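Trainee: Requesting a structural model of the entry that follows:
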Amino acid sequence: MKEEGLCPNEVTFVAVLTACARAKLVEIGLELFQSMAGACKIHGAIVLGNEVGSRLLELQPHHCGQYVALSSIHAGVDRWGAAADIRTTMTEARIRKVPACSLIDCM
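Mentor: Reported below is the predicted structural model:
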């Protein structure tokens, strides 16, 4: 789509992430999420960010990056309660973010 100059929308991203989840293509799903996480945070697209994050949590439920990215998206639009809830879920699941670890480093 990008090569043809087309801009994917939220439906396209959800469909592709669902396909990645079913095919267990974790790395491709993470790349897509990474490209969307900056966009969701910048544009305040909380609903889309949550949908994408949920799909990625299905792919890798014990990966630190998804929790941190979702929490950051919520914090970026002053939804501190939601951000705290995500961090609490992460803590309860005993998932720790390694200090100075990027999403790519945590894989």
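
Trainee: As PDB, could you dump the C-alpha coordinates of the helix or strand where residue 21 lies?
Mentor: For residue 21, the element it lies in under DSSP states H and E is helix 10-23. Extracted C-alpha coordinates of helix 10-23, given in PDB (Å, rounded to 0.1, in the frame of the first residue of the first chain):
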ATOM      1  CA  GLU A  10      -7.500   1.900  11.300                       C
ATOM      2  CA  VAL A  11      -9.500  -0.900   9.700                       C
ATOM      3  CA  THR A  12      -6.500  -1.900   7.500                       C
ATOM      4  CA  PHE A  13      -4.100  -1.900  10.500                       C
ATOM      5  CA  VAL A  14      -6.500  -4.000  12.600                       C
ATOM      6  CA  ALA A  15      -6.900  -6.500   9.800                       C
ATOM      7  CA  VAL A  16      -3.200  -6.800   9.200                       C
ATOM      8  CA  LEU A  17      -2.400  -7.200  12.900                       C
ATOM      9  CA  THR A  18      -5.100  -9.800  13.200                       C
ATOM     10  CA  ALA A  19      -3.500 -11.700  10.300                       C
ATOM     11  CA  CYS A  20      -0.100 -11.300  12.000                       C
ATOM     12  CA  ALA A  21      -1.600 -12.700  15.300                       C
ATOM     13  CA  ARG A  22      -3.100 -15.700  13.500                       C
ATOM     14  CA  ALA A  23       0.100 -16.400  11.500                       C
END
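
Trainee: Which elements pack onto it?
Mentor: Under the contact definition 3 or more C-beta pairs under 8 Å, 6 or more residues apart in numbering; DSSP states H and E, helix 10-23 sits against helix 26-43, helix 46-59. Heads up, the C-betas are built off the backbone N, CA and C, glycines and all.

Trainee: looking at this protein, which helix or strand does the model trust least?
Mentor: Least confident helix or strand, the chain: helix 26-43 with a mean of 73, by mean pLDDT, DSSP states H and E.

Trainee: Point out where this protein drops to low pLDDT.
Mentor: 37, 39-45, 98-107 (pLDDT under 70).
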